[in-house]
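Colleague: Return a 3D structure for these sequence lines:
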Amino acid sequence: MMVSGVVFLDKPLGWTSRRAVNEVIRIFSVTGQKRIKAGHAGTLDPLATGMLPILLGDATRFSELGLNAEKRYAVTFDLSYQTDTLDCEGEVTGRFDQQVEQQQLLEVLEQFKGNLKQVPPIYSAIRVEGKRAHAMARKGETVELKARDVCIHKLALISFEFPYVSLDVSCSKGTYIRSLTRDISEKLGMGGCVTALRRISTGGWPESMLVSEERLRQDKEQAVLPLRQWLRDFPTCELNKDNAWRFLNGQRIQLEEKQQGNVAVVSDALLLGTAELKPGMRRMVLHPLRILPSSQHLFASKRT
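Modeller: I've put the predicted structure just below:
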């Protein structure tokens, strides 16, 4: 049976997110068998390290649980200069000689808590008329990006040793930390170039879940979080074998259930997929949302 679940890879410095996915695919691939399907749940820049959830097999159908989740980062940036990419891998665009006191910094940080309008970096993967913004920027083309609504849930000062500032940031999906440090620094009349960035958490999953590349190669089976645990916020809806077969064939099912909303559908501890429970004329009705191909195959093989 193909592996299905999530690896919380501790992405190494310098790797693209695509490379990280490819490396995990290679680790789990078996010679002579079909390559495993995999994808990540939230891009990390090559400069960044830390939590990159990589979904395997059927779990790739639920990447939005990571993409849409709150993120937490530890970031360090340099107030004395700025670059075109807003991090230390870009070309320097300005240097700043003035000094900033910690109290000034703390006052400015207060202005960046809560709901904000944020303009993403031009060196980003956002598409502009079908083109990647970073590709346009590298060709010298003009890139204009619209401000987005984001939310900074937590913004705490870790350390300040001028010109270096380190922050603990919890934020909504779509937040660019490089843009945040740029905007904070501009308020101070300074640079704000990111020199180090680490994602500590995605969707509340703790840093202790992180798996290094080395550990993954040594014990890959133990490194995979089962898909049902990735769906931890979904209540369970248990089906008997007959109803399980109907569910796997996309049929709606009337049930004696009191709960409603999205649920994880299981039968004999096997995850079948997800569904939505809605009130019907007399009973709750289970409406299939996502059905797992591996479970379809398993049930079909048992019935032949």
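Colleague: Helices along the protein, start to end?
Modeller: 17-28, 64-67, 102-110, 133-138, 177-187, 213-218, 227-230, 241-248, 293-303 (DSSP state H).
Colleague: What residues of the fifth one count as buried?
Modeller: Of all the residues in helix 177-187, those buried under the rule 16 or more other C-beta atoms under 10 Å are 177, 178, 179, 180, 181, 182, 183, 184, 185, 187. Yep, even glycine has a C-beta here, placed from its N, CA and C like the rest.
Colleague: Can you pull up the most central residue in the protein?
Modeller: When C-alpha atoms, centre = their mean is applied to the chain, the residue found nearest the centroid is residue 42 (3.1 Å).
Colleague: Now it: closest residue in space, sequence neighbours ignored.
Modeller: residue 66 (5.1 Å; C-beta to C-beta, 6 or more residues apart in numbering).
Colleague: And for residue 15?
Modeller: Per C-beta to C-beta, 6+ apart, closest to residue 15 is residue 46, 6.3 Å.
Colleague: in terms of contact, does that neighbour touch residue 16 like I think?
Modeller: Yes: between residue 46 and residue 16 there is a contact under C-beta atoms under 8 Å: 5.4 Å.
Colleague: For the stretch 101-250 of the chain, which segments count as strands?
Modeller: 114-118, 127-128, 131-132, 148-161, 164-171, 193-202, 225-226, 236-238 (DSSP state E, counting those that start in this stretch).
Colleague: Name the surrounding residues that touch the second one.
Modeller: I take that to be strand 127-128. If you take C-beta atoms under 8 Å, 6 or more residues apart in numbering as the criterion, strand 127-128 is touched by 133, 136, 143, 144, 145.
Colleague: What is the nearest of those to residue 215?
Modeller: residue 133 (34.9 Å; C-beta to C-beta).
Colleague: ok, back up a step: which among the contacts of strand 127-128 end up buried?
Modeller: By 16+ other C-beta under 10 Å, the contacts of strand 127-128 give 133, 136, 143 as buried.
Colleague: wait, which of those is closest to residue 167?
Modeller: Closest to residue 167, out of all of the buried ones among the contacts of strand 127-128 and judged by C-beta to C-beta, is residue 133, at 24.6 Å.
Colleague: What does the pLDDT read for that closest one?
Modeller: If you check residue 133, the pLDDT there is 72.
Colleague: So, low pLDDT: which residues of the stretch 201-304 of the chain?
Modeller: 302-304 (pLDDT under 70).
Colleague: Now with 80, please.
Modeller: 300-304 (pLDDT under 80).
Colleague: hang on, the earlier thing: quick check: the residue nearest to the centre of the chain touching residue 71?
Modeller: Yes: Residue 42 is within contact range of residue 71, at 6.9 Å (criterion: C-beta under 8 Å).
Colleague: Cheers, nothing more for now.
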